[in-house]
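> Here is a sequence together with a model predicted from it:
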Amino acid sequence: MKYRIILILMFLFVITFDSFAHQAEIDKKNTLTSDTITIGSEPDYPPYCMVDENGNAVGFSVDLFKAAAAAVDLKVNIKIGVWSKIKRDLAEGRLDALPLVGRTPEREEIFDFTMPYLSMHGAVFVREGAKGINSVEDLKNKEIAVMEGDNAEEFVRRENISNKIFTTKTFEEAFRNLASGQYDAVITHRVMGLHLLDKMGLDSVKPLDFQLQNFRQDFCFAVQEGDSALLSRLNEGLSIIIANDTYEKIRLKWFGPTVKASITAEDVARIAIYVFIPLFLIMSVIWIIVLRREVKRRTRSLEEEISRHKNTLDQLRKQKLLLNEMEKISKVGGWEYDVQTGNINWTEGMYNIYALKRDEYDPSDYKKNTDFYYPGYKNQIIQAFTDTLKTGKPYELLAKLKSADNVEKWVRLRGLPEIENGKPVRVYGNLLDVTEMKLINDEIKERGERINLLLNSTAEGIYGIDLEGRCTFCNASALELLGFDNENQVIGKNMHALVHHSMADGSVHPESECKIFQAFNAGKGTHADDEVMWKSDGTSFRAEYFSYPIRQNGEIIGCVVTFWDITQRKEAEEELKNLKDSLEKQVKERTAELRDKVEKLNKSQRAMLYMVEDLNSITAELQEERRKLELSNKELEAFAYSVSHDLRAPLRAINGFSGFLMEDYADKLDEEGKRLLSVIRQNADKMDALIADILNLSRISRAEMSLEEVNMYTLAKSKYDEIATEEEKQAFEFNISKLPPAVGDENLLGQLWQNLIGNALKYSSKSENKRIEIGYRENNDEVIYYIKDEGAGFNPKYKDKLFGVFQRLHKDNEFEGTGVGLAVVQRIVHRHGGEIRAEGEVNKGAAFYFSIPRAKKS
């Protein structure tokens, strides 16, 4: 039964790698190229590296390396030499790789290693019958022999196993010297030692039963440190031959079949009894003498059979030992479940993966076995096993467990039922430790995601092409710039025919002249900024691009193109050039004009000198006239004030007497008389108001100014509250900003706001939109205040007449007034060193802007 488990295990071990084989074949087609490499091999390290009778390198590791290299199209030349020499040759670059190198901390400093394909445990070999060595501690003062440069030497020196260490060129020499009485022990790998002793025919040297705990060695292919390209291809080749059954064939070639049928002594005796006793009873009387002779002959035959049987048992013992070693190497274990009895049998590999000991753990409860798995995976395993028992279908799962020594591992589980009469009677399975492969695949996936994120985060369009011009990858910006929805529209397509087929004028753009193709044809980067690329909708855009070759293992396999739309940049450059040409032309024209003007100016300079003298004389005369005019203005203002003051006395008399007539003689006056008296009174009132405005204007011109900081916000708001009636306050929307202060005469500025706000109220009284807004704008050295309304407005072509004395743009029957108010406002603004202007349209309101010097900070 147990040997049948072993056979099923090896069968499932091969199946385990099927999922990787298909992907490896695809990758091989896409990336491999032919190369020749040189490797080194030892002459006597059986059954891994040795030479045949013709001096050719043979062995398990040699055949395995050749197969892995062939899987990735590598040719191999082999040089044979002792370990110390080929190790040095690889370190110094005279060799490209070695097929069998134990991975140690010392060697990791000078070599790079593939994933392990073999793990071997160390053993201590002594002469048969030797005593005194029962543990590692007993080796301290013993003479230990190892091969020079071997990882066994590194181990005994690193662990300080003994203070008496001897080295030989080969292990064959070490075993021969041990057998002849030299040394006390030889330390090497158990499997290799057994094979070498068998080859040498030495029966006097045996391995001890105890293990060297820290001398478990993973064996790999080794390359020079930093040769990542060759390392990657060897890893790929190793994965392929493990997955496609080549590894198993090579293993069977060098280690023989995993299991042979067991023939016991009892079977031999039983066969003898059933065959010979009946014959003896029949022939006992007649052929007794012949029978005796036959018995003797049969006895000799039986002895030979027993001898052969012993040899077979010895072979089976060795095969079992090799099987256990192979399970450790491949990190795989097998199991069998008997549906009828519920018994579960494990191979040694199962215990190794779970970090259990056979004599301390009973695997008969399959649910208990799932306790090593994380909860989510545990339920999947139980469900898959239960479904197999019900349906007879095999299962395969990837799961995560924590072994008895608290090590997290990823494993692949398989279960294959044996069907009899349509029902499962047994389930065979295997458990493969894929932790290292899972970590490698996760790292590769993470790197791919980071690369994709980087590509799709750039604003530039990026795509790659192979040597045939077919697109191999394309980022999101390239798809957007070229007008495609997804990468399936471009991957595998000829990018020259798709987006670079024509020039800007529509003429054909031959591939032979394409700078993108020149990148891998010439083996160097190219650049262009005067070509176009074509979108999927048939339109083109002006593009700038760089094209650089992609190299793999020193050979160009395509190129990567980075491009962007430069249409706007080119248009700006052309516009700038045109502007520059235009400016140069204008400069030339202006230079010619200036030259003419300078010439004319030179001619007139002399005349100007004479004119300056005349102007000085005229200026003096004008200043004298100005002085006389100012004197006349003062006299005129005094006269106007005097006349106005003197006119008011008879005016008051006219108004008073006409009032008496209206009151005392009303019964003697007819209606026409009353009307005429009313007209007299109205015109007297109007004349009185006009005289008051003239007096006010004269007073403003002559009054002394008291300058101080005036709160314009408070002043304007108080004037509105003062002159607006309650009805007007209800009807008008009055908005005033937080006005900055001004430096001026508060009384005059109050008069200014009163006149402007009064005008706004008067000329907006008949408007539907009764709205007044007061605000400001700040300039460098002054503040500009304004007042706006939405009233009757004025014709803008008469705006210069607004500030003249007695100038009115509306009839008296429309809006009352004397035409002096805005003249007063202008006089106040001028006295404060500012300016005033007006804007407006008929029936759309008016706005007055006046400036006052900015208030100085104390």
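Here it is on my side, so go on.

> who touches stretch 663-681?
654-655, 658-659, 661-662 (CB atoms under 8 Å, 6 or more residues apart in numbering). (C-beta placed from N, C-alpha, C; glycine too.)

> could you dump it to CSV, C-alpha only?
Provided in CSV are the C-alpha atoms of stretch 663-681 (Å, rounded to 0.1, in the frame of the first residue of the first chain):
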residue,chain,number,x,y,z
GLU,A,663,-55.2,139.0,1.3
ASP,A,664,-56.8,142.4,1.8
TYR,A,665,-58.3,143.2,-1.7
ALA,A,666,-59.2,139.8,-2.8
ASP,A,667,-62.8,140.7,-3.0
LYS,A,668,-62.1,143.7,-5.3
LEU,A,669,-59.9,141.6,-7.7
ASP,A,670,-61.3,139.5,-10.5
GLU,A,671,-59.8,136.1,-11.4
GLU,A,672,-57.3,137.5,-13.9
GLY,A,673,-56.1,140.0,-11.4
LYS,A,674,-55.6,137.2,-8.8
ARG,A,675,-53.7,135.1,-11.4
LEU,A,676,-51.4,138.0,-12.3
LEU,A,677,-50.6,138.6,-8.6
SER,A,678,-49.9,134.9,-8.2
VAL,A,679,-47.5,135.0,-11.1
ILE,A,680,-45.8,138.1,-9.6
ARG,A,681,-45.4,136.3,-6.3
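
> Closest one of the contacts of stretch 663-681 to residue 238?
residue 655 (127.1 Å; CB to CB).

> Check which helices and strands the host helix or strand of residue 175 sits against.
In the assignment (DSSP states H and E), residue 175 maps to helix 171-179. Counting contacts by 3 or more CB pairs under 8 Å, 6 or more residues apart in numbering; DSSP states H and E, helix 171-179 packs against strand 44-45, strand 118-127, strand 143-147, strand 185-189, helix 190-200, strand 205-207.

> the strands in the stretch 251-400 of the chain, which residues?
All strands of the stretch 251-400 of the chain, identified by DSSP state E, counting those that start in this stretch, fall at 332-338, 344-346, 395-402.

> With respect to residue 507, which of those strands lies nearest?
Using CB to CB, the strands of the stretch 251-400 of the chain put strand 395-402 closest to residue 507, at 57.6 Å.

> need the contacts of stretch 663-681 in JSON lines with neighbour count, can you?
Formatted as JSON lines, the contacts of stretch 663-681 follow (neighbours: other CB atoms under 10 Å):
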{"residue": "654", "neighbour count": "15"}
{"residue": "655", "neighbour count": "17"}
{"residue": "658", "neighbour count": "17"}
{"residue": "659", "neighbour count": "14"}
{"residue": "661", "neighbour count": "16"}
{"residue": "662", "neighbour count": "16"}
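
> Among the residues you listed, which ones are in helices?
Members of the contacts of stretch 663-681 lying in helices (criterion: DSSP state H): 654-655, 658-659, 661-662.

> Please parse this protein into its domains.
18-243, 265-327, 335-439, 458-565, 571-685, 703-853 (automatic domain parsing).

> Identify whichever of those lies nearest to residue 451.
domain 458-565 (9.3 Å).

> sorry, back to before: of the contacts of stretch 663-681, closest to residue 532?
Distances from residue 532 to the contacts of stretch 663-681, taken by CB to CB, are shortest for residue 655, at 92.7 Å.

> Which per-residue confidence value corresponds to the closest one?
Looking at residue 655, its pLDDT stands at 66.

> Next: residue 545.
We note a pLDDT of 92 for residue 545 in this prediction.

> before we move on, what about residue 752?
pLDDT recorded at residue 752 is 90.

> what does residue 645 give?
58.

> next one: residue 590
Looking at residue 590, its pLDDT reads 83.

> again with residue 829
Reported pLDDT at residue 829 in the predicted model: 90.

> Repeat that for the one 3 residues further on.
Residue-level confidence at residue 832 comes out at 87, pLDDT.

> Could you measure from it over to residue 848?
With distances taken as CB to CB, to the nearest Å, residue 832 is found 15 Å from residue 848.

> The two: who's more crowded?
Using other CB atoms under 10 Å, the more surrounded residue of residue 832 and residue 848 is residue 848, with 24 against 20.

> Let's verify the more buried one: helix, strand, or coil?
Secondary structure state of residue 848, per DSSP: H, G, I helix; E, B strand; the rest coil, is strand.

> how about it, what does it touch?
Taking CB under 8 Å, 6+ apart as the test, what residue 848 contacts is 756, 786-787, 825, 836-838.

> Distance to residue 732, pLDDT and neighbour count added to these, as TSV?
Formatted as TSV, the contacts of residue 848 follow (distance: CB to CB, whole Å; pLDDT from 0 to 100; neighbours: other CB atoms under 10 Å):
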residue	distance to residue 732	pLDDT	neighbour count
756	14	91	24
786	17	95	18
787	13	94	20
825	20	86	24
836	23	91	21
837	24	90	16
838	20	89	17
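
> that older thread, most packed of the helices and strands packed on helix 171-179?
The highest average neighbour count among the helices and strands packed on helix 171-179, using mean count of other CB atoms under 10 Å, belongs to strand 185-189 at a mean of 26.

> which other residues reach that strand?
Outside strand 185-189, the residues that touch it by CB under 8 Å, 6+ apart are 120-126, 130, 133, 139, 142-147, 150, 152, 155-156, 161, 171, 174-175, 178, 193, 205, 212, 215, 217.

> Please name the strands paired to that strand in the sheet, noting orientation.
Strand pairing for strand 185-189, using DSSP bridges, gives strand 118-127 (antiparallel), strand 143-147 (parallel).

> Identify each buried residue in stretch 362-370, please.
Residues 363, 366, 369-370 are the ones in stretch 362-370 that count as buried (16 or more other CB atoms under 10 Å).

> just stretch 720-727 next, same as before
Judged by neighbour count (16+ other CB under 10 Å), stretch 720-727 contains these buried residues: 720, 724.

> Averaged pLDDT, that stretch. What do you get?
Confidence for stretch 720-727, expressed as mean pLDDT, is 91.

> Span of it from start to end?
Stretch 720-727 has its terminal residues 13 Å apart, counting by CA to CA, to the nearest Å.

> likewise stretch 216-230?
26 Å.

> from the middle of its chain, how far away would that stretch be?
In this view, stretch 216-230 has its centroid 32 Å away from the chain centroid, taken as CA atoms, centre = their mean, to the nearest Å.

> Report the mean confidence score over that stretch.
If you average the pLDDT over stretch 216-230, you get 90.

> How about residues contacting it?
37, 48, 61, 65, 68, 90-91, 93, 96-104, 107, 109-122, 151, 189, 231, 234, 238, 328, 552-553.

> Thank you kindly, that will do.
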